[in-house]
Every structure is written in C-alpha cells, then in structure tokens.
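> Here's a sequence, model it:
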Amino acid sequence: MDTLDQKKIERRVFTSFFQTGIIEAFTGIILLQLGLPALFSRSGFGDFESALLALPIALILLIAVSLVRKFVVTPRLGHVKFLPERRRRLSKVVLVPILTLITGAVVGYIFTENAPLRHAFVGQIPFILIPIIVFGAAAYFLDMKRLYVYGAIVGLVFPLGKYLETVIVSRNTLPGTILFTAFVFLGIATVFFVAFLRRQHEPEV
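All right, here's what the predicted structure looks like:
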C-alpha cells in the first residue's frame, strides 16, 4: 500500500470518529452550561446558586456522552493509532483553544473593568471571535469544514441574543437564544448518532 492510499484510508477512519455527533453533543452541552445559569439568575436566583443548579445537568449529559462513546461508538470503530502527522495536528487542536481562551479571558477582563467598552458593541467582540477562532482551528486541523459553520453559529449567539433582547424587551431572551442553539446542536448530534448506528453495526463476537 503506497503512502497516498494509506493517508486516504487514515483520513476516512479519522473522519468517521467525528461522524458520531460527539462534537455537536459537547457543543450543545457547553451552550447549555452557559444558557441555564443565565436563565436561572434572571429568574431570581443568585449567580452561585444558578451555577450549582445548572452543573448537575451538564455533568449527567457529559457522563452519558462518555459512556455512549465508550460502550457504543468505540466497539463499532475499534482502536486506531494514527500517523505522526495526524497526531501533530491533533495536538495543535488542543493548543490553539487553550491559547485562545487565555487571551479571551484577559481581553474579557479588560472589557469587564471598562464600563464604556462593556456597554458598547465592541464589548461583544470576544464572545464573537473566541468561538470562531476555536472552531476555525479545529476545522483546519481536523479537516472538517462543517466546524467553520459551527463557529459562526456559536459566535453569533451572544450578539444575536443581546439584539433580540433590545427588540423583544425581555430578560430571558438572551438565555433563551443560547438554550435554543444548544438544543439545535443536541438535535444535530442525535441525527449524526442515529445515522452512525445505521452505518456501523455492532461487531459479532
């Protein structure tokens, strides 16, 4: 088998790992963890109470996704050791989000401490750019173009919610927008997972 054929097969196997809805599920869970505390806090709960109320839901979903991946997905796909080039790209996928989140935290702190910036549109820039950069890096290094679209969607959730909040004049519009987007991603994850189960049958023992 020549190198070109090997790389094509490897890419096909590698891509199949991300056709199970795992990325969409984690994205939906993260958005839930952002939207639920905001909804609870605007319903009269304190910030700490809101975080505590939302945490069990995210943990249950994360555990469920991990168990499904371990006991349903992995037995159907098997264990694969990728080529060094692919492993280097995966390491960069982890590195880029970490650096982006650190930078975003610093920039977000600056905007938080500066009232004029916080209330201006420019204060929303970190919420837009961070998802776009993170998902864009993942799309590039994982070679999955749909992640560019996901980055744009997640990046627009916060400014869209803030805009709708001014139009509808409701305190629950922003968390509602985030939660709606979360359920959209969880729905996409379900569609991917069902399609995966139809393609990949459980191996016979």
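
> Identify the residues contacting Phe183.
Residues in contact with Phe183 (C-beta atoms under 8 Å, 6 or more residues apart in numbering) are Gly28. Every C-beta, even on glycine, is put in place using the N, C-alpha and C of the backbone.

> which parts of the helix or strand containing it are buried?
Taking DSSP states H and E as the criterion, Phe183 maps to helix 173-199. Within helix 173-199, the residues that count as buried by 16 or more other C-beta atoms under 10 Å are 173-179, 181-182, 185-186, 188-189, 192-193, 196.

> Quick check: mean pLDDT of that helix?
When pLDDT is averaged along helix 173-199, the result is 93.

> do stretch 76-95 as well
On average, stretch 76-95 scores 65.

> Which strand or helix spans Ala58?
Using DSSP H and E, the element containing Ala58 is helix 47-68.

> Next secondary structure element downstream of that helix?
The C-terminal neighbour of helix 47-68 among helices and strands, as given by DSSP H and E, is helix 74-77.

> now Ala25: how far from Gly35?
Going from Ala25 to Gly35 by C-beta to C-beta, to the nearest Å gives 16 Å.

> and the gap between Met144 and Leu186?
19 Å.

> what's the answer for Arg42, then?
Relative to Leu186, and taking C-beta to C-beta, Arg42 is found at 22 Å.

> what about the chain, any weak spots by pLDDT?
Along the chain, segments meeting pLDDT under 70 span 1-11, 13-14, 78-124, 126, 202-205.

> Closest to Gly136 out of the buried residues of helix 173-199?
Checking those against Gly136 with C-beta to C-beta, the nearest one is Phe185 at 17.0 Å.

> Now that closest one: closest residue in space, sequence neighbours ignored.
Excluding its sequence neighbours, the residue lying closest to Phe185 (C-beta to C-beta, 6 or more residues apart in numbering) is Gly28, at 3.6 Å.

> same question, Arg69
Leaving aside its sequence neighbours, Arg69 sits nearest to Ile22 (C-beta to C-beta, 6+ apart; 6.3 Å).

> now swap in Val72 and tell me
Excluding the flanking residues, the one nearest Val72 by C-beta to C-beta, 6+ apart is Leu197, at 7.7 Å.

> ok, now Glu24?
Ala189 (3.7 Å).

> For Ile63, see how far away the residue nearest to Val72 is.
Going from Leu197 to Ile63 by C-beta to C-beta gives 20 Å.

> Over to Ser16?
According to C-beta to C-beta, Ser16 stands 24 Å off from Ile63.

> And these two? Which one has more around it.
Higher neighbour count among Ser16 and Ile63: Ser16, with 16 against 10, using other C-beta atoms under 10 Å.

> Please look at the more buried one and Thr74 and confirm they touch.
No - with contact defined as C-beta atoms under 8 Å, Ser16 does not count as touching Thr74 (11.8 Å).

> list residues touching both of the two?
With C-beta under 8 Å, 6+ apart as the test, Ser16 and Thr74 reach no residue in common.

> Any figure for the gap between Ile128 and Leu197?
Going from Ile128 to Leu197 by C-beta to C-beta gives 36 Å.

> now do Val65
From Val65 over to Leu197 the distance is 15 Å, taken as C-beta to C-beta.
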